[in-house]
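> Return atomic coordinates for the entry below.
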Amino acid sequence: MGDRYAVIGNPIGFSKSPLIHGKFAKMTGQDVVYEAIEAPLDGFNARVDQFRTEGAKGLNITAPFKLDAFAYANELSESADRAGAANCLKFVGDRIIAENFDGIGLVRDITINLGVKMAGRRVLMLGAGGAARGALLPFLRQEPSELVLVNRTLSKAVALAEEFAGCGTLIVSGYAELADLAEGYDVVVNATSASLRGEMPPVPGNVFRGAKLAYELAYGRGLTPFLQAARAEGVAKLADGVGMLVEQAAEAFAWWRGVRPSTAQVIAELTVPLS
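Prediction:
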């Protein structure tokens, strides 16, 4: 029996992680067993304790347990520490090491798979929740000319800006003020939960004018209201978060196994046409 890994969440039936990691293991010749674990909402620690006693080597973390995983770890990477959340754990003896590959996966999808450079460009991120927080450091490390963070509750965006001060040029705004900053973005990223409800973030129509890419973090939902608006404004490239999903999985696999799988074929197989 191969080394054991899993994804843990609640609910977990929707997760593509077993499929993705199964494909990675096959293409790299790694002897691993990967499963899905649905832990009780109040039972994360106990379920992970059990998994570790069974000889597990690592875990991917999905909602709602990223904060629990962060607290459970006894070592934090810089990415996990900055994000305040973990989407991956590695078990080495008594060490429980936390990582967060969401932002790195997003950057790789944008810059490598989609071929849109962020260095020296203006980037707009909608939302200041966990998804945005995890992406801030990787985004700022790309050295955009400016990164604008917009949120309904401005104080939340301000707090993030203060926390990441010194990492790069980060500007915060509420949606009402965005009209004055709206034009000239190269990349517009929707990190809000609006698309999960079939809604559109309250951005002015000209926010997409001149943009090279509109990126929706939600995946598998086709042409969301955000992507519909971007298409109507003539944005050349539209993308959802399936590439980010696969890229963060590849980062985790490489961290665990020491070999990075190819991602292009897996992304193609999981992509839902944006139509």
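
> Grab the nearest non-local neighbour of K23.
Using CB to CB, 6 or more residues apart in numbering and skipping residues adjacent in sequence, the residue nearest K23 is V266, 5.3 Å away. Where C-beta positions appear, they are placed from N, C-alpha and C, glycine not excepted.

> Any chance you could list what contacts the host helix or strand of that neighbour?
Following DSSP states H and E, one finds V266 within helix 264-270. Contact with helix 264-270 is made by K16, L19, I20, K23, F24, N113, G220, V242, G243, L245, V246, as judged by CB atoms under 8 Å, 6 or more residues apart in numbering.

> What separation do you get for the second one and E146?
This means L19. L19 is 38 Å from E146, where distance means CB to CB, to the nearest Å.

> what's the residue nearest to the spatial centre of the chain in contact with, if anything?
Nearest residue to the geometric centre of the chain (CA atoms, centre = their mean): D102, 3.2 Å. By CB under 8 Å, 6+ apart, D102 lies in contact with A83, N87, A131, G134, A135, M244, Q248.

> How about the contacts made by the fourth one?
With contact set as CB under 8 Å, 6+ apart, G134 has these partners: S79, A83, A85, N87, N100, D102, G103.

> Let me know how buried the third one is, in neighbour terms.
Spelled out, that is A85. By other CB atoms under 10 Å, 23 other residues sit near A85.

> Shouldn't it be within a strand?
No - the assignment for A85 is coil, going by DSSP: H, G, I helix; E, B strand; the rest coil, so no strand is present there.

> wait, doesn't it sit right on F101?
No - using CB atoms under 8 Å, A85 makes no contact with F101, being 11.3 Å away.

> Strands along the stretch 151-275 of the chain, start to end?
Using DSSP state E, counting those that start in this stretch, the strands found in the stretch 151-275 of the chain span residues 170-173, 187-190, 213-216, 237-239.

> Could you name the helices and strands sitting against the third one?
Spelled out, that is strand 213-216. Under the contact criterion of 3 or more CB pairs under 8 Å, 6 or more residues apart in numbering; DSSP states H and E, strand 213-216 touches strand 187-190, helix 225-232, strand 237-239.

> now the last one
For strand 237-239, the contact count by 3+ CB pairs under 8 Å, 6+ apart identifies strand 213-216, helix 225-232 as packing neighbours.

> And the top helix by length along the chain, what's buried?
The helix that spans the most residues within the chain, counting by DSSP state H, is helix 242-257. Buried residues in helix 242-257, defined by neighbour count with 16 or more other CB atoms under 10 Å: 242-253, 255-257.

> Can you tell me which of these is nearest G2?
Nearest to G2 among the buried residues of helix 242-257, counting by CB to CB, is R257 at 10.7 Å.

> Return the residues in contact with that closest one.
R257 is in contact with T28, Q30, V32, counting by CB under 8 Å, 6+ apart.

> and which of those residues is nearest A214?
Nearest to A214 out of the contacts of R257 is T28 (CB to CB; 33.0 Å).

> Could you list the low-pLDDT ranges of this protein?
Applying pLDDT under 70 to the chain flags residues 182.

> how about the helices in it?
Going by DSSP H, the chain shows helices at 17-28, 44-53, 66-72, 78-83, 102-108, 130-141, 154-163, 225-232, 242-257, 264-270.

> re earlier: could you list the buried residues of the helix holding V266?
V266, I267, L270.

> how close does the last one sit to M200?
Taking CB to CB as the measure, L270 and M200 are separated by 25 Å.

> residue contacts, the residue nearest to L136 when sequence neighbours are not counted?
In space, and not counting its chain neighbours, L136 is closest to F164: 5.4 Å by CB to CB, 6+ apart. Applying CB under 8 Å, 6+ apart, we find F164 in contact with R82, L136, L137, L140, L170.

> repeat for I12
I12 neighbours (CB under 8 Å, 6+ apart): A36, I37, E38, T62.

> neighbours around the closest residue to the second one other than its chain neighbours, how many?
What it means is I37. The shortest distance from I37 to any non-neighbouring residue, by CB to CB, 6+ apart, is to I8 (4.4 Å). Neighbour count for I8, taken as other CB under 10 Å: 24.

> go on, the one 3 residues further on?
As a burial measure, the neighbour count of P11 was computed by other CB under 10 Å and equals 11.

> Let me know whether it touches A36 as I believe.
No - counting by CB under 8 Å, P11 stays clear of A36, with 10.0 Å between them.
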